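Undergrad: Kindly generate the corresponding structure for this input.
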Amino acid sequence: MPKAKEFTVTIEDKPGALGKCFLAVAERGVNILAFQSYVEERESLVRFLANDPATAKAVLGSLHMIFEETDVAVIRLAHRPGELGRAASRLGEKQVNIDYSYCGLEPGSALGLVVFGVDDVTKAVTLLDELAAEDA
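TA: Down below sits the predicted model:
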């Protein structure tokens, strides 16, 4: 999963709104692999990766939610000191700017999924693939 579709969803900033969105997605069998949420200008913005982007998109559409899809770079990392730093440094060394990042868990393993929103997804994916191959 070196490149993935990320959803950025605008949700009301009120109790239960995030849960309602995630439960609707779950009811269709979609698993959230990684997410972040924060409030900006009285709206909650949620970024997430789903194991089934097509179904997640259909659910969000059926709920008439405001959302967009973006390509992001993803790497699976061992949970040990320095791994996140190595991945972020590799991107920086090659002049790929990280706009944001967040993490989740690789289903069925002890590996973390790290999501990078970057200014050059294609280049980032290549660099992160090289880093992952070094660890294999």
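
Undergrad: what about the helices in the chain?
TA: Assigned by DSSP state H, the chain shows helices spanning 17-27, 53-62, 83-93, 121-135.

Undergrad: ok now the longest one, how far from the chain's centre?
TA: Spelled out, it's helix 121-135. Offset of helix 121-135 from its chain centre (Cα atoms, centre = their mean, to the nearest Å): 16 Å.

Undergrad: His64 versus Ala133, what's the distance?
TA: Plainly put, Ala133 is 43 Å away from His64 if you go by Cβ to Cβ, to the nearest Å. C-beta coordinates here come from the backbone N, C-alpha and C atoms, glycine included.

Undergrad: ok, now which ones touch Leu45?
TA: Thr8, Val9, Thr10, Ile11, Ser37, Tyr38, Val39 (Cβ atoms under 8 Å, 6 or more residues apart in numbering).

Undergrad: which of the residues you listed lies closest to Glu69?
TA: Thr8 (8.0 Å; Cβ to Cβ).

Undergrad: which residues sit against stretch 26-44?
TA: 10-13, 17-18, 22, 25, 45-52, 55-56, 58-59, 100, 102-107, 113, 115.

Undergrad: Those, buried ones only, as a ChimeraX selection?
TA: Entered in ChimeraX, the line below selects the buried ones among the contacts of stretch 26-44, by 16 or more other Cβ atoms under 10 Å:
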select :11,18,22,25,46,47,48,49,50,56,59,102,103,104,113,115
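
Undergrad: So which of the contacts of stretch 26-44 belong to strands?
TA: Under the assignment DSSP state E, these contribute 10-12, 45-50, 100, 102-105, 113, 115 to strands.

Undergrad: Output the longest strand belonging to the chain.
TA: With secondary structure taken from DSSP E, the chain has its longest strand at strand 66-77.

Undergrad: Mind listing what's buried along it?
TA: Phe67, Val72, Ala73, Val74, Ile75, Arg76, Leu77.

Undergrad: Compute the first-to-last residue distance for stretch 109-122.
TA: 26 Å (Cα to Cα, to the nearest Å).

Undergrad: still on that earlier bit, how about the helices of the chain, which one is nearest Lys3?
TA: helix 121-135 (4.8 Å).

Undergrad: what is the mean pLDDT for that closest one?
TA: Averaged over helix 121-135, pLDDT sits at 90.
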